[in-house]
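K.L.:
Please find the sequence and the predicted model below.
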Amino acid sequence: MVEQQTPSPDRLTEILKAASDPICRGIPTLLAQSGPTRVTKITARFDISLNAVSKHIKVLDQAGLVSRRTLWREHLIEVQMQPLALIDPWFAALRLIWALRLEKPDDLLTKEQTDD
């Protein structure tokens, strides 16, 4: 049986911080669709400077959502999907809390009906 590890709060924060920006969300989506890509080609898909794209890639790299690979003189950016799995346990916990909160009004209504 494979045991899921709970990510550290700092790790989860880095991932969610990177995912909070539309361009930072768009870059991994682009890479997932097209495969490893040069920074200049990524820049061509967004209406921002090469320097700005590089900064976004740095944020994604720190969060572990992309990696750099050098092939001769070409620097390629690749998407890394594994860190996204760290978000699942956090969302699962939120869903459980929400489900429990939704059940409470039903319990109160049932109790009121039996009291009458």
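P.N.:
Noted; the coordinates are in hand.
K.L.:
tell me the SS of residue 27?
P.N.:
Secondary structure, DSSP: H, G, I helix; E, B strand; the rest coil: residue 27 is helix.
K.L.:
Count the residues that sit near it.
P.N.:
For residue 27, the count of nearby residues is 26 (other CB atoms under 10 Å). In short, each C-beta sits where N, CA and C put it, glycine included.
K.L.:
Now do the contacts for it.
P.N.:
Neighbour list for residue 27: 42, 46, 53, 56, 57, 60, 66, 77 [criterion: CB atoms under 8 Å, 6 or more residues apart in numbering].
K.L.:
The first one and residue 29 touch, don't they?
P.N.:
In this case it means residue 42. No. Using CB atoms under 8 Å, residue 42 makes no contact with residue 29, being 11.1 Å away.
K.L.:
Quickly name whichever of the contacts of residue 27 is closest to residue 100.
P.N.:
residue 60 (34.4 Å; CB to CB).
K.L.:
What about that closest one, how many residues nearby?
P.N.:
If you count neighbours by other CB under 10 Å, residue 60 ends up with 27.
K.L.:
if I look at it, how far off is residue 22?
P.N.:
13 Å (CB to CB, to the nearest Å).
K.L.:
returning to that earlier point: residue 42 and residue 29: who's more crowded?
P.N.:
Higher neighbour count among residue 42 and residue 29: residue 42, with 22 against 10, using other CB under 10 Å.
K.L.:
residue contacts, the more buried one?
P.N.:
Going by CB under 8 Å, 6+ apart, residue 42 touches 27, 30, 31, 53, 57, 77.
K.L.:
From those, which land in helices?
P.N.:
Counting by DSSP state H, those place 27, 30, 31, 53, 57 in helices.
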